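Participant: Show me the folded form of this:
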Amino acid sequence: MLEYIKICRPDHWLKNVFIVFGHMVAITLVLNFDVTADVVRMAVLSLIPACLVASANYILNEILDAPFDAMHPTKKLRGIPAGKVRVSILWWMKAGLIIAAFALTWWWDFNWAYVAALALLLISGFVYNVRPLRLKDRAFADVIAESFNNPIRLWLGYYALATPNHVPPASIVLAWWFFGALLMTGKRYSEFRFIGDAELSGRYRRSFQTYTEKSLILAMITYANLFCFCTGIAMAVYPQLNNLVFVFPFLVAAVLAYFHHAMKEETARLEPEQLLRNPWIIICTLATSGLTLWLLLTKTNYAKAWHLLGPLTF
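Facilitator: Reported below is the predicted structural model:
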């Protein structure tokens, strides 16, 4: 039973914390920080169907990737390539998780926009893993497709609290997408170096037949710039976000810490998932999150008071 649970990857449910970002966007731009007990309840409940669908996608990923995982230095020890589980049982588990997820959205009365976002999360798993598309085999498209789960999670959090007639700003959605692409490209870069064999890495993942260390570094720089660009637009356009201009140095520090850790020699010997466990990355992330929350809750618009988002007047 433990091997079946491992394939559902409950340890990866932590990624659904990105849904909380969608909650914060809705609370800031739609609810104007009017947080009631019902808002908290819906925010917490919104995480559960997303975790169930994510596990269903992980099962699909494990089943279809088993032949390739058998060629990976460590993934060959997973349940399917190691012969520890039965694939027929996994298909039934996947179906049960999907049914349970959508049944809960009906039971808890989530609006149609939340249900649509949840369906999109499920579809993304098929597009990413199933032929003929199977975008995970296509260089750069694999990162764009996988990181699209970031906007989906934003929509899940947003529409758990906001009605469908409200639409989250494109600048925030794109920023969140590019942030995910930065993280996913860093993961690809780490994995590319971890395998350390061009021929073996190409057999394990077809996109690695195209990737090089240089192209992955250039992609990370591109996504980092696009993330900062879109974030800056959102901070400048929406008065509720003006104060977040003071968070920018911390964002830059977090991105630099990520680049520094991803490119160290010893990082090449780490599993990709260990990339984000570096203490400095965690510290920068927590500091940025804490400062962001405080600046959102403060009543004074410090950015405009100090003439940081407009022309100087004398």
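Participant: The helix or strand of the chain with the lowest mean pLDDT: what's the following helix or strand?
Facilitator: Comparing helices and strands within the chain by mean pLDDT, DSSP states H and E singles out helix 198-204 as the least confident, with a mean of 64. Going down the chain from helix 198-204, the next helix or strand is helix 213-237, by DSSP states H and E.
Participant: who does that following helix touch, helix- and strand-wise?
Facilitator: helix 170-195, helix 248-262 (3 or more C-beta pairs under 8 Å, 6 or more residues apart in numbering; DSSP states H and E). Backbone N, C-alpha and C define where each C-beta goes, glycine included.
Participant: Distance to residue 41 and mean pLDDT added to these, as a markdown table?
Facilitator: Formatted as a markdown table, these follow (distance: least, C-beta to C-beta, whole Å; pLDDT from 0 to 100):
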| stretch | distance to residue 41 | mean pLDDT |
| --- | --- | --- |
| helix 170-195 | 24 | 87 |
| helix 248-262 | 31 | 79 |
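Participant: Identify the residues contacting residue 52.
Facilitator: 97, 98, 100, 101, 104 (C-beta atoms under 8 Å, 6 or more residues apart in numbering).
Participant: Would you check how far apart it and residue 262 are?
Facilitator: 31 Å (C-beta to C-beta, to the nearest Å).
Participant: Was I right to think residue 20 contacts residue 158?
Facilitator: No. Contact status for residue 20 versus residue 158: not in contact, 10.8 Å apart, counting by C-beta atoms under 8 Å.
Participant: Out of those two, name the residue with the larger neighbour count.
Facilitator: residue 158 (29 against 16; other C-beta atoms under 10 Å).
Participant: in stretch 234-249, what counts as buried?
Facilitator: 234, 235, 236, 238, 241, 242, 243, 244, 245, 246, 247 (16 or more other C-beta atoms under 10 Å).
Participant: Distance of the closest residue to the first one other than its chain neighbours relative to residue 226?
Facilitator: Right, residue 234. Distances taken as C-beta to C-beta, 6 or more residues apart in numbering place residue 171 nearest to residue 234, at 4.2 Å, with adjacent residues excluded. As judged by C-beta to C-beta, residue 171 and residue 226 stand 11 Å apart.
Participant: cool, and residue 233?
Facilitator: Residue 233 is 11 Å from residue 226, by C-beta to C-beta.
Participant: ok, now residue 255?
Facilitator: Applying C-beta to C-beta to residue 255 and residue 226 gives a distance of 12 Å.
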